[in-house]
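Trainee: This is the structure alone, sequence omitted:
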C-alpha cells in the first residue's frame, strides 16, 4: 500500500477512535435508538429532535452505564435537541467551523446504524445550504454530503478531516446523500435555550 494511503488510513482510524469517546447512544420511547454527541463534559448531550420525544429518555455512555436523561429543549424545525445527564468529566469532541466548509472536503459521520455501536461512514461535502441561499427558501441550514447515513446515525457527529465536529447528522436524502445540521446552528439553538455561556 502506498505510504500516502497508509497515512490516510492511520489518520482516519485515529479520528474515529477519538470521536467515539464523545459519542453516546440515545433511547427514547417508541423512537428506538439513535446517537448523541457530548457537547459539554458536565453532562450536556446534543442529538436530533426526531430521536427523542417527551417520553423517558435514556443515554448510554461509551464505556459506562445507561443514564436517565432530562430533555432540556427540542427544536423540531432545526431538528436539534439538548439533553442533560448526571455525569461529569465526559470526553467531548472539538468543535469546528461549519461556515468554512467547501464542496469536496472530506467528512466522517458516526452513529449506531442498526445497533452497530460507533460505526463510521465517510464521504465528501457536496452542498452547503446556508441561510440566505436560494436553495434554502425555508431558512433552514444544512450540510449535504455524499455519505451513507442510516437509521441510528441521527444525532451523531459529522466530523471534518481534522476530527472536529462540524455538524449533527439528521437524515438520509437518498441512498448516497446524507444531511447534517451545521454546528453553528447548534450553537445558536443552545444560546437561545440555555444562554450565551452554553456554547463553550
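Mentor: Sure, I can see it. Every value quoted in this text rests on a predicted model; they were computed, and no experiment measured them.

Trainee: what about the helices in this structure?
Mentor: Applying DSSP state H to the chain gives helices spanning 3-20, 183-194.

Trainee: helices or strands up against the last one?
Mentor: When you say that, I think you mean helix 183-194. Under the contact criterion of 3 or more CB pairs under 8 Å, 6 or more residues apart in numbering; DSSP states H and E, helix 183-194 touches strand 66-75, strand 80-85, strand 165-172. C-beta: built from backbone N, CA, C; applies to glycine.

Trainee: Minimum distance to residue 39: which of those strands has it?
Mentor: Nearest of those to residue 39, taken as CB to CB: strand 80-85 at 7.7 Å.

Trainee: Could you give me the buried positions within that closest one?
Mentor: 80, 81, 82, 83, 84, 85 (16 or more other CB atoms under 10 Å).

Trainee: Just the closest of the residues you listed to residue 177, please.
Mentor: For these, the nearest to residue 177 is residue 80 (19.9 Å; CB to CB).

Trainee: contacting residues around the spatially closest residue to that closest one that is not a sequence neighbour?
Mentor: Using CB to CB, 6 or more residues apart in numbering and skipping residues adjacent in sequence, the residue nearest residue 80 is residue 189, 4.9 Å away. Contacts for residue 189 (CB atoms under 8 Å, 6 or more residues apart in numbering) come out as 73, 75, 78, 80, 82.

Trainee: And those residues, which is closest to residue 103?
Mentor: Closest to residue 103 out of the contacts of residue 189 is residue 78 (22.4 Å), distances taken as CB to CB.

Trainee: now that closest one: how far from residue 91?
Mentor: 25 Å (CB to CB, to the nearest Å).

Trainee: Which one's more surrounded, these two?
Mentor: residue 78 (21 against 15; other CB atoms under 10 Å).

Trainee: OK, contacts around the nearest residue in space to residue 116 that is not next to it in sequence?
Mentor: Nearest residue to residue 116, sequence neighbours excluded (CB to CB, 6+ apart): residue 152, at 7.5 Å. Residues near residue 152 by CB under 8 Å, 6+ apart: 33, 34, 35, 111, 112, 113, 114, 115, 116, 119.

Trainee: and of these, the nearest to residue 66?
Mentor: residue 33 (10.9 Å).

Trainee: The closest one against residue 26, yeah?
Mentor: Yes - with contact defined as CB atoms under 8 Å, residue 33 reaches residue 26; the gap is 6.8 Å.
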